[in-house]
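*Asks:* just coords:
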């Protein structure tokens, strides 16, 4: 039995274990339900709070996106409006700029044309000459320090038909550091006014230029020309007319320095080739001279050898003859020696007795000589 005190009246009463367990179960269920209800309510409240917060955040983000979108749309509209305005302004300014440039170029062309018309053909030619001379002098010190480039003031011999002499405009000669000429060029400069009725052709001056080249002893001839300004042939660059006149070119003024540089570099390469060829020829000459000297030496040796052989044979014969004489002398001396030996042996065999035998006088003399000793 379990004793339980009532929480309301504070009276004690007893209850068996089954009743006690039932009361505990009721209490637990009630507490559990209460706690569960409270937790569910709290979870529901937390969920509602989270939903409210999420909705608030989403609404804030939505409002921000809407605001940003409105700002972007407004900015794009402004940019489009500005672009259209700038485009209109640019097109307007561009048209005005182009119109201004066209008018300015037209005015420049008109001014140049008017100035050109005021000049005579001779004056234009002299202006072109001055232009080429200034261009050359700008690079003379660095590119052509040993070059000669001057007006051709020496008139050539008179032509038989016209009775007049001629000369080129300029002559260019370049030398190396030891004074050897690298290249020489005679130049003719030609120009004319736009108002000239009879337009001149470049070909008109080529024959005279070729004649001047030969008479002035120049290797190349170049016509610097502003004639035939619409010609596609002469406007492309350096025109080689050597098919008609040897070593001749026609150029516009802008190619004046280039043609000098090209011809000079080509001549330098040719000089190097000539120097190498001269060296090879010199080596060949040296080899030829060596072979010739060697052949002469062989011939001289052969002649001397023949002479020596003959003298040698002669000397051998003389030596053989001398040997024979010496052998004869040897034999004679041998015989003399033999005779001397025999005679000596005979002398040794002679005694006083033999000498005095049958000679009493000699015997007496030897006896006296013996007693005197």
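*Replies:* Received it, and whenever you're ready, just let me know what you need. Keep in mind the model is a prediction, meaning the values are calculated, not measured.

*Asks:* quick one: the strands in the stretch 201-350 of the chain?
*Replies:* 220-225, 239-240, 248-251 (DSSP state E, counting those that start in this stretch).

*Asks:* deepest of these, which one?
*Replies:* strand 220-225 (a mean of 25; mean count of other C-beta atoms under 10 Å). All C-beta atoms are positioned from the backbone trio N, CA, C, and that covers glycine.

*Asks:* ok, back up a step: closest one to residue 144 among the strands of the stretch 201-350 of the chain?
*Replies:* Among the strands of the stretch 201-350 of the chain, strand 220-225 comes nearest to residue 144, with 14.9 Å by C-beta to C-beta.

*Asks:* tell me the helices and strands packed up against that closest one.
*Replies:* Secondary-structure packing of strand 220-225 (3 or more C-beta pairs under 8 Å, 6 or more residues apart in numbering; DSSP states H and E): strand 181-190, helix 206-215, strand 248-251, helix 256-349.

*Asks:* export the ones you listed as CSV, with columns for distance to residue 175.
*Replies:* Listed next are those as CSV, based on distance: least, C-beta to C-beta, whole Å:
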stretch, distance to residue 175
strand 181-190, 5
helix 206-215, 19
strand 248-251, 22
helix 256-349, 11
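
*Asks:* out of these, which is closest to residue 154?
*Replies:* Using C-beta to C-beta, those put helix 206-215 closest to residue 154, at 9.7 Å.

*Asks:* ok, back up a step: for residue 137, which of the helices and strands packed on strand 220-225 is the nearest?
*Replies:* So among the helices and strands packed on strand 220-225, helix 256-349 is nearest, using C-beta to C-beta, at 11.1 Å.

*Asks:* quick one: the closest one to strand 220-225, angle?
*Replies:* 170 degrees (axes from the mean of the first three to the mean of the last three C-alpha atoms, to 10 degrees).

*Asks:* so helix 256-349 versus strand 181-190, what angle?
*Replies:* 160 degrees.

*Asks:* follow-up on the earlier one: would you single out the least confident of the helices and strands packed on strand 220-225?
*Replies:* When the helices and strands packed on strand 220-225 are compared by mean pLDDT, helix 256-349 comes last with a mean of 76.

*Asks:* okay, the strands of the stretch 201-350 of the chain in TSV with distance to residue 171 next?
*Replies:* As requested, those are exported to TSV (distance: least, C-beta to C-beta, whole Å):
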stretch	distance to residue 171
strand 220-225	10
strand 239-240	21
strand 248-251	15
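
*Asks:* wait, which of those is closest to residue 213?
*Replies:* The nearest among the strands of the stretch 201-350 of the chain, by C-beta to C-beta, is strand 220-225 at 4.0 Å.

*Asks:* please list the residues outside the closest one that contact it.
*Replies:* Around strand 220-225, the neighbours that count as contacts under C-beta atoms under 8 Å, 6 or more residues apart in numbering are 128, 132, 168, 183-191, 202, 205-206, 209-210, 212-213, 234, 245, 247-253, 256, 259, 263.

*Asks:* buried subset of the residues you listed?
*Replies:* 128, 132, 168, 183-191, 202, 205-206, 209-210, 212-213, 234, 245, 247-252, 256, 259, 263 (16 or more other C-beta atoms under 10 Å).

*Asks:* out of the strands of the stretch 201-350 of the chain, which gets nearest to residue 315?
*Replies:* The nearest among the strands of the stretch 201-350 of the chain, by C-beta to C-beta, is strand 220-225 at 74.1 Å.

*Asks:* who does that closest one pair up with?
*Replies:* Looking at strand 220-225 with DSSP bridges, its partner strands are strand 181-190 (parallel), strand 248-251 (parallel).

*Asks:* wait, which of those strands is closest to residue 337?
*Replies:* strand 181-190 (94.6 Å).

*Asks:* who's in contact with the closest one?
*Replies:* 125, 128-129, 132, 152, 168-176, 200, 202, 205, 208-209, 212-213, 216-227, 260, 263-264, 266-268, 271.

*Asks:* tell me what angle it forms with helix 206-215.
*Replies:* 150 degrees.

*Asks:* residue 41: which of the helices and strands packed on strand 220-225 is closest?
*Replies:* helix 256-349 (100.9 Å).

*Asks:* for that closest one, name the packing helices and strands.
*Replies:* Looks like helix 256-349 contacts helix 121-143, strand 170-175, strand 181-190, strand 220-225, strand 248-251 (3+ C-beta pairs under 8 Å, 6+ apart).

*Asks:* residue 279: which of those is closest?
*Replies:* Closest among the helices and strands packed on helix 256-349, using C-beta to C-beta: strand 181-190, at 18.2 Å.

*Asks:* related to what we said a few turns ago, redo the strands paired with strand 220-225 as TSV? Include distance to residue 335.
*Replies:* Converted to TSV, those look like this (distance: least, C-beta to C-beta, whole Å):
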stretch	distance to residue 335
strand 181-190	95
strand 248-251	108
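
*Asks:* which one of these lies closest to residue 55?
*Replies:* Comparing the strands paired with strand 220-225 by C-beta to C-beta, strand 248-251 comes nearest, at 87.3 Å.

*Asks:* before we move on, the earlier item: for residue 326, find the nearest of the strands of the stretch 201-350 of the chain.
*Replies:* strand 220-225 (89.1 Å).
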